[in-house]
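In: What follows is a protein structure lacking sequence information:
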């Protein structure tokens with residue numbers, strides 16, 4: 001596999017926008033850190049957004065209220081944005097209930113290549129080196145691809161429960 005994980009960068013704006021268009025108008029892109037207020041249409045707005053994502057990992061800066069420190073990485077191959085993965089450094093109440101430590105997505109045209117499984121394995125390595133001893137991952141009950149990605153990386157199903165996001169499968173991976 002020639003894909004790599006990189007910090008979010010304004011250099012990939014065109015490719016990122018192509019990927020966003022594949023997800024469809026208004027679609028939530030898991031692991032991207034994209035908020036409704038973020039301007040990704042203009043070059044300046046996109047640069048500000050990617051800079052914000054990089055700052056989210058900086059523990060010397062307090063996170064946005066209601067958020068936790070996060071390390072965002074983009075899955076890239078040959079200067080093409082293929083997806084995103086987000087490692088949250090700790091769990092707040094919302095993440096413990098429904099969101100988990102890690103969120104990820106792969107653009108539709110790049111799916112079924114093992115990219116999510118590969119990126120999750122690399123991100124679990126990072127979690128381990130950060131001293132996180134147990135990682136919570138969640139997915140929708142009908143998202144069999146995500147469930148298989150988590151299970152391939154050692155995820156043990158705790159349960160499926162109703163959460164603020166609706167029914168949610170909860171998996172734990174212990175190191």
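Out: Noted; the coordinates are in hand. Since this is a predicted model, take the numbers as computed values, not measurements. Numbers count the residues shown, from 1 in each chain.

In: And residue 89, its phi and psi?
Out: phi -70, psi -20 (degrees, to the nearest 10).

In: For the spatially closest residue to it that is not a sequence neighbour, give me its contacts.
Out: In space, residue 89 comes closest to residue 69 once its chain neighbours are excluded; the distance is 4.2 Å by CB to CB, 6 or more residues apart in numbering. Heads up, the C-betas are built off the backbone N, CA and C, glycines and all. Each residue near residue 69 by CB atoms under 8 Å, 6 or more residues apart in numbering is listed here: 56-59, 63, 88-90.

In: and what of residue 98?
Out: Counting by CB under 8 Å, 6+ apart, the residues that residue 98 touches are 138, 163-165, 168.

In: State the distance from it to residue 23.
Out: Counting by CB to CB, to the nearest Å, the separation of residue 98 from residue 23 is 20 Å.

In: Not counting sequence-adjacent ones, nearest residue to residue 81?
Out: Residue 81 sits nearest to residue 15 (CB to CB, 6+ apart), 4.1 Å away.

In: So what's the residue count around the one you found?
Out: 17 (other CB atoms under 10 Å).

In: And residue 146, by the same measure?
Out: Using other CB under 10 Å, residue 146 has 23 neighbouring residues.

In: same deal with residue 33?
Out: Residue 33 - counted by other CB under 10 Å - has 19 other residues nearby.

In: What does it show for phi and psi?
Out: phi 80, psi 10.

In: Was I right to think it contacts residue 72?
Out: Yes: the criterion here is CB atoms under 8 Å, and residue 33 meets it with residue 72 at 5.3 Å.

In: give me phi/psi at the residue nearest to residue 89?
Out: Dihedral angles for residue 69 - degrees, to the nearest 10 - are phi -60, psi 140.

In: From residue 154, how far off is it?
Out: Relative to residue 154, and taking CB to CB, residue 69 is found at 24 Å.

In: residue boundaries of the strands in this protein?
Out: Here the chain has its strands, by DSSP state E, at 4-6, 70-77, 80-88, 102-106, 134-139, 156-163, 166-174.

In: Report the angle between the second one and strand 102-106.
Out: Interaxial angle of strand 70-77 relative to strand 102-106 (axes from the mean of the first three to the mean of the last three CA atoms, to 10 degrees): 20 degrees.

In: Neighbours of the nearest residue to residue 103 once chain neighbours are set aside, how many?
Out: Take residue 103 and drop its neighbours on the chain: the residue closest to it by CB to CB, 6+ apart is residue 31, 3.9 Å away. Counted by other CB under 10 Å, the residues lying close to residue 31 total 24.

In: Now do the contacts for residue 31.
Out: By CB under 8 Å, 6+ apart, the contact set of residue 31 is 72, 83-86, 102-105.
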